[in-house]
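Undergrad: Got a predicted structure plus its sequence, pasted below:
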Amino acid sequence: MKNTFLYAATAGLILAAALTSCASAPKENPTIPFEFIDANKNHHSANLDDTVRKHSYKNECFVREGEKLFYRGDDRYTSRLGVDISHHDGPVDWKKMKAWGIEFVILRTGYRGYQTGYLIQDKMFDQNIKEAIEAGLDIGVYFFSQAITEEEAEEEAQMVLRLIEPHKKHITLPVVFDPESILKDEARTDGVPGEVFTRTSIVFCEAVKKAGYRPMIYSNMIWEAFFFDMKKLEAYDFWYADYEKYPQTPYNFTLWQYTDTAESVDGIRLDKKITKPVDLNILIVKVEENE
């Protein structure tokens, strides 16, 4: 999964905000100034909502051993190491991957075409979930979204639920909504304002929750600063992508995609034509939830 982004602000939205009178404007939540670096090493400044639920992780507790990452030294939490996999990664030797130290996987179920809007199942999903179950890995799933309406988000959720229903007892980790933007091509999501992505995220997550699964939203600092209304989404867990040494977000998250360039993981790139590295993730679990 690539961590892509674009800016969604439009002149129309800015003009509308300017024409809104002070008397009728809703009271804004207090904000905090914030600076961060994106995946392309660009620097950004933003004002973040200071009322949104925040994490309390300690940077010094993130311990790296080669390409592996652990959270240690904080009695409140433990951690687990995992990957996210789609057909782009080719066939996987799940037993070798588990022996290397991988404890869980987040599998792509499918995606919506960023131009056509068609819903497409990941062509390796059926094989991947069968073999991951056989290897004894814990499993979550994600859907790469290009929804631009609430109806499309519901459609995406229902597709995911149909695909995972035969494996329901094995889906012990979250079902993730992954809204992303396309940098290098024209896409149906170009210019879609953040408020739409906030609404589509809620629709997907509520459908997942109603079906008895744990919903989660994929994000990065660009999306949390400039797209999402984080206050409206704070009831949901987040899968946060950030390739800096430590997570930059102040907001709460339970899953961190900390690299997209891992090369040493066993069991991957069995097809010699596939040379791409793999994403690695750390799941941070409250101790009482792990007992």
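TA: Perfect, thanks for sending it. Numbering: from 1, shown residues only.
Undergrad: can we go C-alpha only for contacts and neighbour counts from here?
TA: Noted.
Undergrad: how close does residue 64 sit to residue 71?
TA: Remark: distance between residue 64 and residue 71 (Cα to Cα, to the nearest Å) = 9 Å.
Undergrad: Hmm, I typed the wrong one, I wanted residue 228.
TA: 27 Å.
Undergrad: Repeat that for residue 139.
TA: Separation of residue 139 from residue 71 (Cα to Cα): 20 Å.
Undergrad: And residue 259, by the same measure?
TA: For residue 259, the distance to residue 71 (Cα to Cα) stands at 15 Å.
Undergrad: what's the answer for residue 264, then?
TA: From residue 264 to residue 71 the distance is 20 Å (Cα to Cα).
Undergrad: These two: who's more crowded?
TA: residue 71 (22 against 13; other Cα atoms under 10 Å).
Undergrad: In contact with the spatially closest residue to that one that is not a sequence neighbour, which residues?
TA: What sits nearest to residue 71 in space, not counting adjacent residues and going by Cα to Cα, 6 or more residues apart in numbering, is residue 62, at 4.6 Å. Neighbour list for residue 62: 69-72, 246 [criterion: Cα atoms under 8 Å, 6 or more residues apart in numbering].
Undergrad: Among those residues, which one has the most neighbours?
TA: The most crowded member of the contacts of residue 62 is residue 71, carrying 22 neighbours; neighbours defined as other Cα under 10 Å.
Undergrad: what about the strands in the stretch 51-200 of the chain?
TA: Assigned by DSSP state E, counting those that start in this stretch, the strands in the stretch 51-200 of the chain fall at 62-65, 68-71, 77-85, 104-112, 119-121, 138-145, 171-179.
Undergrad: Let me have the ones you listed in CSV, extended by distance to residue 288.
TA: Formatted as CSV, the strands of the stretch 51-200 of the chain follow (distance: least, Cα to Cα, whole Å):
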stretch, distance to residue 288
strand 62-65, 20
strand 68-71, 16
strand 77-85, 8
strand 104-112, 19
strand 119-121, 36
strand 138-145, 18
strand 171-179, 16
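Undergrad: right, so of those, which gets closest to residue 279?
TA: Nearest to residue 279 among these is strand 77-85 (5.8 Å), distances taken as Cα to Cα.
Undergrad: roughly how far out does that closest one sit from the chain middle?
TA: Distance, stretch centre to chain centre, for strand 77-85: 13 Å (Cα atoms, centre = their mean, to the nearest Å).
Undergrad: what residues does it touch?
TA: Strand 77-85 has contacts (Cα under 8 Å, 6+ apart) with 1, 68-72, 101-108, 278-287, 290.
Undergrad: Over to stretch 263-279?
TA: Counting by Cα under 8 Å, 6+ apart, stretch 263-279 makes contact with 1, 67, 83-85, 88-97, 100, 257-262, all of which sit outside it.
Undergrad: Would you write out the ChimeraX command that picks the buried residues out of those residues?
TA: To isolate the buried ones among the contacts of stretch 263-279 in ChimeraX, judged by 16 or more other Cα atoms under 10 Å, type:
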select :1,83,84,85,89,90,91,92,93,94,95,97,257,258,259,260,262
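Undergrad: Return the subset of the contacts of stretch 263-279 lying in helices.
TA: 94-97, 100 (DSSP state H).
Undergrad: where exactly do the helices run in the stretch 101-250 of the chain?
TA: Applying DSSP state H, counting those that start in this stretch to the stretch 101-250 of the chain gives helices spanning 125-135, 150-164, 194-210, 221-222, 230-233.
Undergrad: correct me, but residue 147 touches residue 201?
TA: No: counting by Cα atoms under 8 Å, residue 147 sits too far from residue 201 to count as a contact (9.3 Å).
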